[in-house]
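Chemist: A predicted structure for the sequence below; I have some questions about it.
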Amino acid sequence: MTPLLEIKGLKTHFGTDEGIVQAVDGVDITINKGETLCVVGESGCGKTVTAMSILKLIAMPPGRIVEGQIIFEGRDLVPLTSNELDEVRAKEIGFIFQEPMTSLNPVLTVGEQIAESLRRHDGLSRKDALARTIEMLKLVQIPNAEARVHDYPHQFSGGMRQRVMIAIALACRPKLVIADEPTTALDVTIQAQILDLLQDMKDRFGMAVMLITHAMGVVAETAQRVVVMYAGKVVEEASVERLFAQPSHPYTQGLIRSIPRIDLDSEHKARLETIGGAVPILINPAPGCRFAPRCRHAVSRCIETEPVLREIASGHRVACHLGEAP
Amino acid sequence: MAGLTLASPSVERRASSPWRETWRRYCRHKLAVVGAVLLLILVAAVVFGPFFWHVSINDIDFNATLQGPSLAHPFGTDDLGQDLLARMLYGGRISLAVGLAAMMVSVIVGTLVGALAGMSRGALGHALMWLTDLFLSLPQLPLLLLLIYLFRDQLKAVFGPEGGIFILIVLVIGGLRWMPVARLVRAQFLSLREKEFVEAARAIGASPTRQVVRHILPNALGPVIIAGTIDVAAAIIAESTLSFLGLGFPPDTPTWGRLLYDAKDYLDISAHWALFPGAAIFIAVMAINFIGDGLRDALDARRVV
């Protein structure tokens, strides 16, 4: 089966006064039709930049896709102009933003904002678009949709706004939805509802979902496959079961260990584990493994040569010198 | 907002259209309603007044010079015995038209320049801001005089004496007042264009033009409307100034500013001659400012009142 989306060797760099920030540096990600892929990593790992690069939503300049291909249904999106990409945006690939509070235009009603892509891409009349909009609002479980379609974003709560964002992203029935930390700005109960809603929408429309998150709990609940990113690179990729059962990269292990747990008895209770240090600044990064300075297993080889992704089991790839034949 | 969440919003939902909501918010602003009524009365008076007040504006009557208000001449007469009410009704059309037209010119030019400068990330933005600063630093009154001396006769030849001078005055006043609007719009655009909802619009395939017209501009309009209403007031006053200097419309065209100019020599013996046009300018300017206030509040959907 050919994958729906194939990112090959993507490099997105940003020019700054201090130098070129290599925010995404050679990332390979594939997403198959109808699957949920989670991209995890802490802040500053290049998850969002990777996602934004797909639809060229990064500010250019200073951002620039230096290398790589983004093949969506057999077509490379990288060389397309912004105008050509407009036909893909929302119609083929929907995007859900992180901040529902600021991602809706305050002076337009939510109905107008959902209808915008319907009218733009599906060429619906005002009346048909309104009907579809109300239908979408019902699908994302906004009560009293017929009346609320004329309300403004400020009349909605955070969770409801994220539902509206989902309705906007799904209005044109895209084949892929990219959700950039859709639940980060919401409280925990609403998070669960939004994730349920996304799952529900996925079951209904059969689209693929690329879910970007830094919460391992969200990963465990929703994903089929997981890509772990660190400092602009993919460090591990596996099915969700395998990733939690056999995390093979020290960074992944660290992420999993730093999930707060409630099931440990008092003997084992200890301070929550963390990964010491912070993501390195990606201007002229040192050679070797980028995680090495924070890695408790690092050996001299880690500082000298950069590990490449290698397959350690079917569908499980990891970029780490540990366990490599010397 | 608190008031809205208290009473369960799903229960007392009214399916009212956004325009009705805007109208409702406007009506909540008492002074704005007063301003709208005053302006409507003024406009109705200058548009329809001459059909009911049949006194000619040029009837000279030396038996009735410099008379105070009376039944025959409700606003009194000037030094030639001409009826001031008739003259004000006729001149008001020009004063109000100049004010509104000059406001349109300055708002349109200012918004265009400001939007281009605000969206451009390169040399164009800088060039436009230099142009704005250049215009701001020009000494306006001498320039006004120069422009009017230079072009008055050509425009008069093409569009007739009143039409030509109207176009000239509107362009000159509007063309020298767009800079504050341009700076305002640019500042708004610089912050708005980085907002997430603009990015979200891009993510659903909105073209750059559409992003500007539908997503950025409406969010920037509040201050522009205020600047626009201030411009109407300023243009009416600027036209008065020009007339006062004897550079506006021909002397026999009784704009409100011209009437003031003619009245200035008789302030001590017949104050009514200056009081009525002065009051008309004052009321028009104040009414328009109130309307601007109300419009800003009414068009801001976030303001729940």
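Modeler: Happy to help now that I have it.
Chemist: Which residues of chain A lie near chain B?
Modeler: A:55, A:57, A:61, A:82-83, A:85-91, A:94-95, A:97, A:99, A:102-109, A:116-117, A:120-121, A:143-144, A:146-148, A:150, A:152, A:154-155, A:165, A:168 (C-beta under 8 Å from any C-beta of the partner chain). The way it works is simple: take the backbone N, C-alpha and C, and place the C-beta from them, glycine included.
Chemist: give me that answer again for 7 Å
Modeler: Taking C-beta under 7 Å from any C-beta of the partner chain, the part of chain A that reaches chain B is made up of A:55, A:57, A:86-87, A:89-91, A:95, A:97, A:99, A:102-107, A:109, A:116-117, A:120-121, A:143-144, A:147, A:150, A:152, A:154-155, A:168.
Chemist: host element of residue A:168?
Modeler: Using DSSP states H and E, the element containing residue A:168 is helix A:158-170.
Chemist: If you count neighbours, what's buried in that helix?
Modeler: Across helix A:158-170, burial judged by 16 or more other C-beta atoms under 10 Å in any protein chain shown covers A:159, A:160, A:161, A:162, A:163, A:164, A:165, A:166, A:167, A:168, A:169, A:170.
Chemist: residues contacting the fourth one?
Modeler: Right, residue A:162. Contact analysis of residue A:162 by C-beta atoms under 7 Å, 6 or more residues apart in numbering or on different chains lists A:100, A:182, A:186, A:194.
Chemist: how about 8 Å then?
Modeler: A:96, A:100, A:182, A:183, A:185, A:186, A:190, A:194 (C-beta atoms under 8 Å, 6 or more residues apart in numbering or on different chains).
Chemist: Now do the helices in the stretch 201-326 of chain A.
Modeler: All helices of the stretch 201-326 of chain A, identified by DSSP state H, counting those that start in this stretch, fall at A:216-222, A:240-245, A:250-257, A:300-304.
Chemist: for residue 174, what are its contacts?
Modeler: All of this refers to chain A. A:90, A:91, A:92, A:93, A:94, A:207.
Chemist: meant chain B, my bad for not saying
Modeler: B:101, B:102, B:103, B:104, B:105, B:106, B:109, B:231, B:235.
Chemist: Could you dump these into JSON lines with distance to chain A added?
Modeler: Below are the contacts of residue B:174 laid out as JSON lines (distance: C-beta to the nearest C-beta, whole Å):
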{"residue": "B:101", "distance to chain A": "27"}
{"residue": "B:102", "distance to chain A": "27"}
{"residue": "B:103", "distance to chain A": "22"}
{"residue": "B:104", "distance to chain A": "22"}
{"residue": "B:105", "distance to chain A": "25"}
{"residue": "B:106", "distance to chain A": "23"}
{"residue": "B:109", "distance to chain A": "23"}
{"residue": "B:231", "distance to chain A": "23"}
{"residue": "B:235", "distance to chain A": "28"}
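Chemist: Going by distance to residue A:244, which of these wins?
Modeler: residue B:109 (62.5 Å; C-beta to C-beta).
Chemist: Tell me if the closest one really is in a strand.
Modeler: No: judged by DSSP: H, G, I helix; E, B strand; the rest coil, residue B:109 forms no part of a strand; its state is helix.
Chemist: mind checking how far the closest residue to it other than its chain neighbours is from residue B:241?
Modeler: For residue B:109, ignoring the flanking residues on the chain, the nearest one in space by C-beta to C-beta, 6 or more residues apart in numbering or on different chains is residue B:178 at 4.0 Å. Residue B:178 is 18 Å from residue B:241, where distance means C-beta to C-beta, to the nearest Å.
Chemist: Between those two, tell me which one has more neighbours.
Modeler: Counted by other C-beta atoms under 10 Å in any protein chain shown, residue B:178 and residue B:241 do not tie: residue B:178 has more neighbours, with 25 against 18.
Chemist: For chain A, which segments are assigned as strands?
Modeler: Counting by DSSP state E, chain A has strands at residues A:5-16, A:19-31, A:36-40, A:63-72, A:75-76, A:93-96, A:176-180, A:208-213, A:225-230, A:233-239, A:310-313, A:316-318.
Chemist: How many residues are close by residue B:49?
Modeler: Count around residue B:49 with other C-beta under 10 Å applied: 17.
Chemist: Output the contacting helices and strands for the helix or strand encompassing it.
Modeler: Per DSSP H and E, residue B:49 falls inside helix B:30-52. On a contact count with 3 or more C-beta pairs under 8 Å, 6 or more residues apart in numbering or on different chains; DSSP states H and E, helix B:30-52 meets helix B:18-28, helix B:84-119, helix B:272-299.
Chemist: and of these, who's closest to residue A:50?
Modeler: Of the helices and strands packed on helix B:30-52, nearest to residue A:50 by C-beta to C-beta is helix B:84-119, at 27.1 Å.
Chemist: Who are the contact partners of the residue of the stretch 201-326 of chain A found nearest chain B?
Modeler: Residue nearest to chain B within the stretch 201-326 of chain A: residue A:210 (13.5 Å; C-beta to the nearest C-beta). Applying C-beta under 8 Å, 6+ apart to residue A:210 gives the contacts A:5, A:31, A:37, A:39, A:51, A:176, A:177, A:178, A:179.
Chemist: make it 7 Å
Modeler: Residue A:210 touches A:31, A:37, A:39, A:51, A:176, A:178, counting by C-beta under 7 Å, 6+ apart.
Chemist: So in terms of bridging, what pairs with it?
Modeler: On the basis of DSSP bridges, residue A:210 is bridged to residue A:37, residue A:178.
Chemist: hmm, back to that, return the most buried member of the helices and strands packed on helix B:30-52.
Modeler: Of all the helices and strands packed on helix B:30-52, helix B:84-119 has the most neighbours on average by mean count of other C-beta atoms under 10 Å in any protein chain shown, namely a mean of 22.
Chemist: list the helices and strands that one packs on?
Modeler: If contacts are counted by 3 or more C-beta pairs under 7 Å, 6 or more residues apart in numbering or on different chains; DSSP states H and E, helix B:84-119 sits against helix B:30-52, helix B:123-137, helix B:161-175, helix B:179-192, helix B:217-244, helix B:256-263, helix B:272-299.
Chemist: nearest to residue B:69, of those helices?
Modeler: Per C-beta to C-beta, nearest to residue B:69 of those: helix B:272-299, 6.1 Å.
Chemist: quick one: low-confidence ranges for the chain?
Modeler: Let's take chain A. Residue ranges of chain A with pLDDT under 70: A:1, A:264-270, A:325-326.
Chemist: sorry, should have said chain B
Modeler: B:1-18, B:301-305.
Chemist: Work out which residue lies at the spatial centre of it.
Modeler: residue B:232 (1.7 Å; C-alpha atoms, centre = their mean).
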